[in-house]
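Participant: Got a predicted structure here, sequence first:
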Amino acid sequence: MHITPPEDRLFQDDLALLDALTAPTLPIKSTFRRRDAELDPLLLAAAAASGPNATRNHYHHDFFPGVALPKAEGAWDWSKWNGEEAGGKQPRKRLTYVSLQAPRSQRIQEGKENAGSSPEAALQPADNVPLPSEKRARAASRSAPAPSLATSSPQIPPTEVQVTCMARTRIPTPHGIAFLHLYHNNRDNKEHLALVVDPAQFSEDTPSISAPPIRSRSLDAVWSDSETEMDRITRGAYVGRLSPTTHTASSPTSQKPSHPTDNIPAPLIRIHSECFTGETIGSQRCDCGEQLDEALRLMSQPITIPSSSPLEPATRIPGRGVVVYMRQEGRGIGLLSKIRAYNLQDLGHDTVTANLMLGHQADERGYEIAVAILRDLDLGSPSGEGVRLLTNNPDKVHAMEKEGLRIVERVPMVPRSWRKRMQHSSPRIVGVDSEEYDEPERKAGATLVGGDAVQGPDLEKYLRTKVLRMGHMLELIPERGTN
Ligand SMILES: Nc1nc2c(ncn2[C@@H]2O[C@H](COP(=O)(O)OP(=O)(O)OP(=O)(O)O)[C@@H](O)[C@H]2O)c(=O)[nH]1
């Protein structure tokens, strides 16, 4: 007799549960076995852990109807629950899940929810804490007013996503220079980012390629009549490289989609979702940190353009690309829920089931804002040059295409550990230029955290200022080249 191992059974049950929770109709009775005994304590734990009012989208769902819950958020008091214990002898009453959430239209009418973030809200600081009035006045006198997201295009219906690049700056990364763009939008209060890798950002370094510079239209626009050249430069609307002696404000970007005139491949684009655990503390539960690092590395690789004539050598040009960094932590469920989901995963559930058990969808991300950011950078428009999208996620490809992004190629994102394993069995990975992956072995860690030492002139200057101007207790060492 064949006996299914308990882990397999759990896995099959998880799949059945997943079907039950996600299918449009309930599965046929015989294929779906309820796992009351194992599941209920977990559901109760998940519900109790999130407290009465901290479920998805902070709407009030109640796993314990009729129980007077304490007022303080998250302060679930078990002594107030008179229900039977799970696994007790009497036949158990199933707890029902009651949503106390009113329809959205009603919540908007009652003023409990905004109909959509107002442009003003989008331009608030990200943490949404209003500045004290005198600070706000001082800040306003120092910075140019940002364009109103609502009024810049009066013909655009209010539902259309609008993004504004509020600031841009040069960041020297271990892979080369990237330009960090910070965006506000009219949909949420998060500061989404774009990291642009593009040699044409430096006019003096522009190689002999015809690809247009990747520029933000909203950043390069003139925001008001009173905006000075220094205001524009301070928010990053400049061309070339800034130095104490050189600074030239940019001109408003042309609205025409631009095409490279030679055979340059479309820029490599990565839509990356925030992952504090993977990117900042080097968690090895996921490969997010590695993916961010890898995306920047791949974009910074020189591109080989074959020559049209066999007599001429191929040309090598610097890499071009953009990482759009979306603040969609935990596939959109937020860090709090992701941490709880990790505990459910430690109890044996997979990443999808854990999300569902917490009342979330498997993936709650949306890509409208990401596409709007790419549009602002003049990338991926139906009439433009298109993009190569770095992802393994088919849903992401479909979602981006649905939002109107022109994807000319999907580039796989092969985990480094898998690549190394595959390289042992086969020297070439299908669909990937093996030269691009010719990199030295890393000594430690899977993320930027585990990378090599940070170094370079910017860091040197920063460290010296900390010692000389801010009194940091560090012995100064001679600058490079001075001894
Ligand atoms: N809820 C949840 N989110 C996770 C977990 N592990 C990673 N994430 C989040 O997942 C997001 C990254 O998504 P992935 O599924 O790794 O990759 P993807 O973006 O869908 O696909 P690729 O483009 O191929 O990388 C980040 O926001 C992470 O914080 C997890 O176990 N649970």
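Facilitator: Cool, the structure landed.
Participant: all contacts plus neighbour counts: C-alpha atoms, from now on.
Facilitator: Fine.
Participant: Show me which residues of the stretch 201-350 of the chain are close to the ligand?
Facilitator: For the stretch 201-350 of the chain, the contact set with the ligand under Cα under 6 Å from any ligand atom comprises His272, Ser273, Glu274, Cys275, Cys286, Cys288, Gln328, Glu329, Gly330, Arg331, Lys338.
Participant: Break this structure down into its domains, please.
Facilitator: With domains defined by automatic domain parsing, the chain comprises 6-78+93-106, 159-306+313-328+365-437, 456-483.
Participant: Could you tell me the least trusted of those?
Facilitator: The weakest mean pLDDT among the domains of the chain belongs to domain 6-78+93-106, with a mean of 53.
Participant: So what sits opposite Cys165 in the bridge?
Facilitator: Beta-bridge partners recorded for Cys165 (DSSP bridges): Tyr183.
Participant: residues in contact with it?
Facilitator: Residues in contact with Cys165 (Cα atoms under 8 Å, 6 or more residues apart in numbering) are His181, Leu182, Tyr183, His184, Ser216, Ser218, Leu219.
Participant: at 10 Å instead, please
Facilitator: Cys165 makes contacts with 146, 181-185, 191-194, 216-221, 235-237, 373, 376-377, as judged by Cα atoms under 10 Å, 6 or more residues apart in numbering.
Participant: What of His272?
Facilitator: The contact partners of His272, taken as Cα under 10 Å, 6+ apart, are 193-194, 288, 291-292, 295, 323-329, 370, 390-391.
Participant: now swap in Leu390 and tell me
Facilitator: Contacts of Leu390 (Cα under 10 Å, 6+ apart): 268-272, 291, 295, 298-299, 323, 397, 409-414.
Participant: Tell me how far the closest residue to the ligand within the stretch 101-250 of the chain lies from Met166.
Facilitator: Closest to the ligand within the stretch 101-250 of the chain is His192: 12.8 Å, counting by Cα to the nearest ligand atom. For His192, the distance to Met166 equals 11 Å [Cα to Cα, to the nearest Å].
Participant: repeat for Asn185
Facilitator: Separation of Asn185 from Met166 (Cα to Cα): 10 Å.
Participant: Which one of these two is surrounded by more residues?
Facilitator: Asn185 (26 against 20; other Cα atoms under 10 Å).
Participant: Let me know how buried the closest residue to that one other than its chain neighbours is, in neighbour terms.
Facilitator: In space, and not counting its chain neighbours, Asn185 is closest to Val163: 4.2 Å by Cα to Cα, 6 or more residues apart in numbering. For Val163, the neighbour count with other Cα under 10 Å is 24.
Participant: Please apply the same query to Arg327.
Facilitator: Number of residues near Arg327 (other Cα under 10 Å) recorded here: 18.
Participant: For it, give me the backbone phi and psi.
Facilitator: Here is the backbone geometry of Arg327 (degrees, to the nearest 10): phi -80, psi 60.
Participant: all numbers from here: first residue = 8
Facilitator: Yep, numbering from 8; the last one is Arg334 now.
Participant: which residue sits closest to it, ignoring its sequence neighbours?
Facilitator: Glu281 (5.1 Å).
Participant: about what we covered before: can you turn the buried part of the residues of the stretch 208-357 of the chain next to the ligand into a ChimeraX selection?
Facilitator: In ChimeraX, this line selects whichever of these come out buried by 16 or more other Cα atoms under 10 Å:
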select :279,280,281,282,295,335,336,337,338,345
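Participant: Out of the residues of the stretch 208-357 of the chain next to the ligand, which is nearest to Ser315?
Facilitator: His279 (35.3 Å; Cα to Cα).
Participant: which SSE is that closest one in?
Facilitator: Assigned by DSSP states H and E, His279 falls within strand 275-280.
Participant: which strands and helices sit next to the helix or strand following that strand?
Facilitator: Counting by DSSP H and E, the element after strand 275-280 in chain order, helix or strand, is helix 283-286. Counting contacts by 3 or more Cα pairs under 10 Å, 6 or more residues apart in numbering; DSSP states H and E, helix 283-286 is packed against helix 295-307, helix 341-353.
Participant: Show me what secondary structure element comes after the first one.
Facilitator: Proceeding C-terminally, helix 295-307 gives way to strand 310-312 as the next helix or strand, assigned by DSSP H and E.
Participant: Show me which parts of stretch 168-179 are buried, residue by residue.
Facilitator: Across stretch 168-179, burial judged by 16+ other Cα under 10 Å covers Val168, Gln169, Val170, Thr171, Cys172, Met173, Ala174, Arg175, Thr176, Arg177, Pro179.
Participant: What is the nearest of those to Asp205?
Facilitator: Using Cα to Cα, Arg177 comes nearest to Asp205 of the buried residues of stretch 168-179, at 11.1 Å.
Participant: Roughly how far does the closest one sit from Ala348?
Facilitator: Going from Arg177 to Ala348 by Cα to Cα gives 36 Å.
Participant: just Ser231 next, same as before
Facilitator: Ser231 sits 47 Å away from Ala348, going by Cα to Cα.
Participant: Comparing these two, which residue is more hemmed in?
Facilitator: Ala348 (25 against 11).
Participant: Which residue, other than its chain neighbours, is closest to that one?
Facilitator: Of all residues not flanking Ala348 in the chain, Ala361 sits nearest, at 5.1 Å (Cα to Cα, 6+ apart).
Participant: one step back: for PyMOL, write the selection for the buried entries among the contacts of Leu397.
Facilitator: Those of these that count as buried under 16+ other Cα under 10 Å are selected in PyMOL with:
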select buried, resi 275+276+277+278+279+298+302+305+306+330+404+417+418+420+421
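Participant: Are we agreed that Thr176 is in a strand?
Facilitator: Yes - assessed by DSSP: H, G, I helix; E, B strand; the rest coil, Thr176 belongs to a strand.
Participant: Quick check, it in contact with Phe186.
Facilitator: Yes - using Cα atoms under 10 Å, Thr176 is in contact with Phe186, at 5.4 Å.
Participant: what residues are shared contacts of those two?
Facilitator: Common neighbours of Thr176 and Phe186, counting by Cα under 10 Å, 6+ apart, are Leu202, Gly243.
Participant: what's the distance between Lys403 and the ligand?
Facilitator: Counting by Cα to the nearest ligand atom, to the nearest Å, the separation of Lys403 from the ligand is 7 Å.
Participant: list the helices and strands the helix or strand that that residue is a member of packs on?
Facilitator: For Lys403, the element it lies in under DSSP H and E is helix 401-409. Judged by 3+ Cα pairs under 10 Å, 6+ apart, the packing partners of helix 401-409 are helix 375-383, strand 394-397, strand 414-418.
Participant: Redo these as TSV? Include distance to Glu286.
Facilitator: Listed next are the helices and strands packed on helix 401-409 as TSV, based on distance: least, Cα to Cα, whole Å:
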stretch	distance to Glu286
helix 375-383	20
strand 394-397	18
strand 414-418	22
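Participant: Looking at the ones you listed, which is nearest to the ligand?
Facilitator: strand 394-397 (6.5 Å).
Participant: Name every sheet partner of that closest one and say whether each one runs parallel or antiparallel.
Facilitator: Sheet pairing for strand 394-397, assigned by DSSP bridges, gives strand 275-280 (parallel), strand 414-418 (parallel).
Participant: I'd like those strands as a markdown table, with distance to Glu482 appended.
Facilitator: Shown next, in a markdown table, are the strands paired with strand 394-397 (distance: least, Cα to Cα, whole Å):
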| stretch | distance to Glu482 |
| --- | --- |
| strand 275-280 | 39 |
| strand 414-418 | 47 |
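Participant: how about these, which one is nearest Leu22?
Facilitator: Leu22 sits nearest to strand 275-280 of all the strands paired with strand 394-397, at 25.8 Å, using Cα to Cα.
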